[in-house]
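In: Here is the input, now give the coordinates:
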Amino acid sequence: MTLDDDVMDRVQRHARSVGKPFKEALNELLRTGLLAVEARPAKGKFRVKPVAMGYRPELDYDNVEGLLEYLEGPAHR
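Out: Numbering: from 1, shown residues only. From the prediction side, this is the model:
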């Protein structure tokens, strides 16, 4: 197995910081990385579930300014 120089340096620094031999630190890092990859949840389809929120006949849904005033009050600006 051949490691890139930057990976080798990072593993050596990690091994020194945790006080373990290089081989032990490398195996620990590989196990951690593999667990993280394997633990990723499967991507599912994104779905939007509509919710009936009711219709308010007193509101003009084409008038955005009026809707903002209704929702946030007259000082919505």
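
In: what about residue 22, distance to residue 60?
Out: 71 Å (C-beta to C-beta, to the nearest Å). For the C-beta atoms, the positions are set from N, CA and C on the backbone; glycine is no exception.

In: Revised request: answer the last question for residue 21.
Out: Taken as C-beta to C-beta, the span from residue 21 to residue 60 is 74 Å.

In: could you point out which element follows the helix or strand encompassing residue 37?
Out: Assigned by DSSP states H and E, residue 37 belongs to helix 22-38. Using DSSP H and E, the helix or strand that follows helix 22-38 in sequence is helix 64-72.

In: Show me the contact partners of that next one.
Out: Identification of contacts with helix 64-72 by C-beta atoms under 8 Å, 6 or more residues apart in numbering yields 59, 60, 61, 76.

In: Can you give me the pLDDT of the residue lying farthest from the centre of the chain?
Out: The C-alpha centroid of the chain is most remote from residue 58, which lies 40.7 Å away (C-alpha atoms, centre = their mean). Per-residue confidence (pLDDT) for residue 58: 85.

In: just residue 77 next, same as before
Out: 69.

In: And for residue 67?
Out: With respect to pLDDT, residue 67 scores 88.

In: could you measure it against residue 58, distance?
Out: In terms of C-beta to C-beta, residue 67 sits 11 Å off from residue 58.

In: again with residue 74
Out: 16 Å.
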